[in-house]
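A.B. asks: Make a model of this:
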Amino acid sequence: MAVALKKTNNDTDVAPHWHAQAKEIQKYGSVIADMPHPLDAKVRTDMVAKLNQLLADSISLRDMYKKHHWQVSGPTFYQLHLLFDKHFDEQVEMVDTIAERVQLLGGVTIAMGADVAETTRIQRPPRGREEVPVQISRLLEAHKLIIQSCLDISDAADKAGDQGTNDLVVSDILRPNELQSWFIGQHLVEMPLILDK
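C.D. replies: Numbering: from 1, shown residues only. Here you go, the predicted model:
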């Protein structure tokens, strides 16, 4: 973490300048108006708002994967413990990809947990441990919401001529979420452990 330094009485000594504060240099919800990007500010503002909603929902899903990784139990513990952590790591990458697109379009990313909690459309799970089918059901509902968001953003981006956002939500967010939801959804399929011959 970078800390501003200030000179002390002795010209050779420096000490950290703690508790520095200043005005925001860019408000959340705004975009840099004059930047070298072919999309106009109105299109970029709309895309940034949609991407920030997707980002808030993706951060919630990412964190739910870590919660369930820590709290999973039962006969499938080992497999799900590893799978949930793998999916968490993949969601970390997706979150970063969405955030970078917001910044690239001249916007400001949603970032802090309290802001995400106020913005996400994903229902908050309880703090305590839940049964595996409930954990998986929660994850599947979150994936469904994110997948639908990707489809909606893709359509809007296509109409607005924002091929970069369109490509990002389809290639980098939609497809991995579809794959993750397929992997965890298979754990809910009713099948006997041993098949009769």
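
A.B. asks: quick one: what helix or strand has residue 18 in it?
C.D. replies: Element membership for residue 18, per DSSP states H and E: none, as it lies in no helix or strand.

A.B. asks: Please, which helix or strand holds residue 15?
C.D. replies: For residue 15, the element it lies in under DSSP H and E is strand 14-16.

A.B. asks: Now that strand: average pLDDT?
C.D. replies: On average, the pLDDT along strand 14-16 is 80.

A.B. asks: Paired strands for that strand, with orientation please.
C.D. replies: Here strand 14-16 has these sheet partners by DSSP bridges: strand 5-7 (antiparallel).

A.B. asks: Could you identify the longest helix within the chain?
C.D. replies: For the chain, the helix that runs over the most residues, judged by DSSP state H, is helix 41-71.

A.B. asks: picking that back up, which parts of the strand holding residue 15 are buried?
C.D. replies: Of all the residues in strand 14-16, not one is buried under the rule 16 or more other CB atoms under 10 Å. Every residue, glycine included, has its C-beta placed from N, CA and C.

A.B. asks: Give me the three-state assignment for residue 122.
C.D. replies: Under DSSP: H, G, I helix; E, B strand; the rest coil, the three-state class of residue 122 is coil.

A.B. asks: Got phi/psi on it?
C.D. replies: phi -80, psi 130 (degrees, to the nearest 10).

A.B. asks: Skipping its backbone neighbours, what lies nearest it in space?
C.D. replies: residue 60 (4.2 Å; CB to CB, 6 or more residues apart in numbering).

A.B. asks: ranges for the helices of this protein?
C.D. replies: Across the chain, reading from the start of the chain, the helices by DSSP H fall at 41-71, 77-104, 113-119, 132-160, 163-167, 175-185.

A.B. asks: Pipe those helices into CSV and attach distance to residue 28 and mean neighbour count per row.
C.D. replies: Putting those into CSV (distance: least, CB to CB, whole Å; neighbours: other CB atoms under 10 Å) gives the following:
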stretch, distance to residue 28, mean neighbour count
helix 41-71, 8, 21
helix 77-104, 10, 17
helix 113-119, 8, 13
helix 132-160, 19, 18
helix 163-167, 19, 18
helix 175-185, 25, 16
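
A.B. asks: Now render these as a markdown table, adding distance to residue 33 and mean pLDDT.
C.D. replies: Written out in a markdown table, the entries for these read as follows (distance: least, CB to CB, whole Å; pLDDT from 0 to 100):
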| stretch | distance to residue 33 | mean pLDDT |
| --- | --- | --- |
| helix 41-71 | 5 | 98 |
| helix 77-104 | 15 | 97 |
| helix 113-119 | 23 | 97 |
| helix 132-160 | 17 | 97 |
| helix 163-167 | 18 | 98 |
| helix 175-185 | 33 | 97 |
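
A.B. asks: and of these, who's closest to residue 35?
C.D. replies: Nearest of the helices of the chain to residue 35, taken as CB to CB: helix 41-71 at 8.5 Å.
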